[in-house]
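>>> below are the sequence and a predicted model for it; my questions follow.
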Amino acid sequence: MAKTVNVRELAALLGISPRRVQQLVRLGMPRVARGKYDPKICRKWYESTPWRRWARDQAKLSGVIDDLLSKVDPPGGAT
């Protein structure tokens, strides 16, 4: 049997709040039993969700935009 974790441990592994874990369960995230989760299965499910991919893409885009803006207007106000 795979090792299971509780909601707080899973939240820490995924980098989200325990409340968000509970919300994701309602949206279909698998669990072994009430309050018990297989971390490997849950991580795979979480990483494959469309909103997670969207958030990751937005974070990458934000970093690209920040890099471009820093080249146009460097910190310290060089004139």
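Okay, I see it.
>>> which residues of the protein score low on pLDDT?
1, 51-59, 61, 63-69, 72-79 (pLDDT under 70).
>>> and the helices in it, which stretches?
7-14, 18-26, 39-48, 50-72 (DSSP state H).
>>> helices or strands up against the third one?
Packed against helix 39-48, as judged by 3 or more C-beta pairs under 8 Å, 6 or more residues apart in numbering; DSSP states H and E, are the following elements: helix 7-14. Every C-beta, even on glycine, is put in place using the N, C-alpha and C of the backbone.
>>> OK, contacts around Pro18?
Val7, Arg8, Ala11 (C-beta atoms under 8 Å, 6 or more residues apart in numbering).
>>> can I get those in TSV with neighbour count and distance to Pro39?
Shown next, in TSV, are these (neighbours: other C-beta atoms under 10 Å; distance: C-beta to C-beta, whole Å):
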residue	neighbour count	distance to Pro39
Val7	19	11
Arg8	12	12
Ala11	19	11
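>>> can you add distance to Ala33 and give those back as a markdown table?
Formatted as a markdown table, the contacts of Pro18 follow (distance: C-beta to C-beta, whole Å):
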| residue | distance to Ala33 |
| --- | --- |
| Val7 | 12 |
| Arg8 | 16 |
| Ala11 | 17 |
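>>> from these, which is closest to Tyr37?
Val7 (7.2 Å; C-beta to C-beta).
>>> these two touch, right, that closest one and Gln23?
No: with contact defined as C-beta atoms under 8 Å, Val7 does not count as touching Gln23 (11.2 Å).
>>> who's in contact with Arg19?
Not one residue lies near Arg19 by C-beta under 8 Å, 6+ apart.
>>> distance check, it against Arg26.
Distance from Arg19 to Arg26, counting by C-beta to C-beta, to the nearest Å: 11 Å.
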